[in-house]
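Peer 1: generate a structure from the sequence data that follows.
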Amino acid sequence: MLVKKKTGIVIPCYKVSVHICDLIREISDDVDFIFVVDDCCPEKSGSLVEDTFSDPKIRVIYHPTNQGVGGAVLTGYQAAIKAGADVIVKLDGDGQMDPALIPEFIAPILHGKADYTKGNRFFGIEAVKQMPFVRLIGNAGLSFLTKLSSGYWNLFDPTNGFTAISAKVIDQLPVNKISRRYFFESDMLFRLNILRAVIIDIPMIAKYSTEKSNLKVSREFPQFLLKNLLNFIKRVLYNYFIRNFNYASLELLFGIPLLGFGIVFGAINWIDPGQPGALASAGTVMLAALPVIIGFQMLLGFVNYDMANIPSQPLQGRLHGKSS
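Peer 2: Numbering: from 1, shown residues only. I've put the predicted structure just below:
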């Protein structure tokens, strides 16, 4: 006998009082729980929701201090799991996400085809045209960095906050290590790759109106860059040298020193050729060029392997046998 899977919705709230109630009204009655996490919101979004709705499935959780979007989402995840949710959807409270798409986000998880789904605003050209230019450029840059750090080369739009995840998978995540601030979505992808979870992009169109983003690009971008590079190093060390060791590991192990040697040796001989106006010998040129060529080819081989090494077997099916 098949047991109906329960769906929980988590909505982190910070300065979203203008949109939050309309967003909740748009959510289908088919969902089992709605957890509104007031992240010490100065506009008292949580109180507004409690005063507006009397539905018992709508529950408000208050943070006494601001923990960031990641902290609010993780609090909502834990509450939803405790309530018995099997699949948990995260919606931002700013009204940019269409709740009508929730069935499309949870279907791959319910059918055992994915562990985590996320929105992709870049899938259709019309959707891209609607995106503000600054957000378009910023998301394109962040997408490349996150592909590098997470290993999910098939995904785009990493900072998209419209996501769904299996409760079984949340139980496997190192919750205490996940970033609490704006890096949350990107860090989640990195953590899910370490678990070898399957992720699917869901095409969507965001709704842009009067809402203002709390993200300060000039302040957060250096942190995004540093954290993505650190996650890339950790992922490579763990996946290619600790958990496994294969020919891609050898390509990386030899490719970096060869490329580095060729560049440094060539630079030294270009800066100080020995005699003014003297041409470098053929042997010197080859000694610089050959390691660069071989090292570069090895690194390309590693990247090619890494792109093909995207998780393909859903984690939730491996945890406790097949899904019921």
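
Peer 1: quick check: domain ranges of the protein?
Peer 2: For the chain, the structural domains run 7-216, 245-308, going by automatic domain parsing.

Peer 1: and those domains: which comes nearest Leu315?
Peer 2: Proximity to Leu315 (CB to CB) singles out domain 7-216 among the domains of the chain, at 4.4 Å. For the C-beta atoms, the positions are set from N, CA and C on the backbone; glycine is no exception.

Peer 1: give me the mean pLDDT for the closest one.
Peer 2: When pLDDT is averaged over domain 7-216, the result is 90.

Peer 1: before we move on, what about stretch 224-239?
Peer 2: 94.

Peer 1: quick one: buried residues of it?
Peer 2: Within stretch 224-239, the residues that count as buried by 16 or more other CB atoms under 10 Å are Phe224, Lys227, Asn228, Asn231, Phe232, Arg235, Val236, Asn239.

Peer 1: look up how far Ser249 lies from the last one.
Peer 2: When you say that, I think you mean Asn239. For Asn239, the distance to Ser249 equals 9 Å [CB to CB, to the nearest Å].

Peer 1: can you pull up the most central residue in the protein?
Peer 2: Ser186 (3.2 Å; CA atoms, centre = their mean).

Peer 1: could you tell me the end-to-end distance of stretch 188-203?
Peer 2: 19 Å (CA to CA, to the nearest Å).

Peer 1: can you name the element that comes right after the helix or strand encompassing the residue nearest to the centre of the chain?
Peer 2: Ser186 belongs to helix 184-194 when assigned by DSSP states H and E. Counting by DSSP H and E, the element after helix 184-194 in chain order, helix or strand, is strand 199-203.

Peer 1: list the strands paired with that following strand, with their directions.
Peer 2: strand 116-120 (parallel) (DSSP bridges).

Peer 1: next, count neighbours for Ile125.
Peer 2: Using other CB atoms under 10 Å, the number of residues around Ile125 comes to 7.

Peer 1: okay, and which of the buried residues of stretch 224-239 map to helices?
Peer 2: Within those, residues falling in helices by DSSP state H are Phe224, Lys227, Asn228, Asn231, Phe232, Arg235, Val236.
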